[in-house]
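Colleague: A structural model of the following input is requested.
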Amino acid sequence: MKKISVIIVACVLGVISGCSERQGLYSLEGTFEKLSRARGFSEKRDYFTKATVSAIEDAASQGAVSGRDRLSFLPRFDEKTKWEEVSEKVEGNRGLIRLRYTDHPVENMIGLVMEFRMKRENGAWKIDLADEIRSAMKVRRNSSAADYIRLVRKRY
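Modeller: Residues are numbered from 1 along each chain as shown. Predicted coordinates:
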């Protein structure tokens, strides 16, 4: 009888821990796993916030990128890209995850640590790049090509 009680308690604890907030933390990285299997902008857009997709569409409508090249705004996650989680932090419906590329088609990306803001929308974690895209578009609108090159050189 004690063995059955111990087994039942272990099962209940397993179910409780599987449904805990900790499980939600793992879904941050799970977003990138799913994104790496998505094909084309029409599938990949599902892993980005509505605001991010809107910012990309705005950039395309302003001629910053063609409709066909909208993926160029997004970080590359596909079958040729591998990464490991460095850290993550979740506060309510917002999160921050840092990933290190361990394999990437662009060799100088290997070892680079990238930080991504995350937001929970409709129960799913999504990558939030809206602010970065809108900032880049603002610089593009308000600067000449020479200003942009100076800005890039300052950062590197």
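Colleague: Now the helix or strand containing Ala136: buried residues?
Modeller: Per DSSP states H and E, Ala136 falls inside helix 130-142. Within helix 130-142, the residues scored as buried using 16 or more other Cβ atoms under 10 Å are Ala130, Ile133, Arg134, Ala136, Met137. For every residue, glycine as well, the C-beta is placed using N, CA and C.
Colleague: Stretch 31-50 too?
Modeller: Applying 16+ other Cβ under 10 Å to stretch 31-50 flags Thr31, Phe32, Lys34, Leu35, Ser36, Phe41, Lys44, Arg45, Tyr47, Phe48, Thr49 as buried.
Colleague: Model confidence for the nearest residue to the second one once chain neighbours are set aside, exactly?
Modeller: On the basis of Cβ to Cβ, 6 or more residues apart in numbering, the spatially nearest residue to Phe32 that is not a chain neighbour turns out to be Phe77, at 5.5 Å. Each residue has a pLDDT score; the one for Phe77 is 90.
Colleague: again, but for Met118
Modeller: 96.
Colleague: could you pull out the strands for the chain?
Modeller: 82-91, 94-103, 113-121, 124-127 (DSSP state E).
Colleague: Which one of the buried residues of helix 130-142 is nearest to Ala59?
Modeller: Met137 (5.5 Å; Cβ to Cβ).
Colleague: Compute the distance between the residue nearest to that closest one when sequence neighbours are not counted and Arg70, please.
Modeller: Residue nearest to Met137 in three dimensions, not counting chain neighbours: Ala59, with 5.5 Å by Cβ to Cβ, 6+ apart. Distance, Ala59 to Arg70, by Cβ to Cβ, to the nearest Å: 8 Å.
Colleague: low pLDDT regions in this structure?
Modeller: Within the chain, the stretches with pLDDT under 70 are 1-27, 142-145, 147-156.
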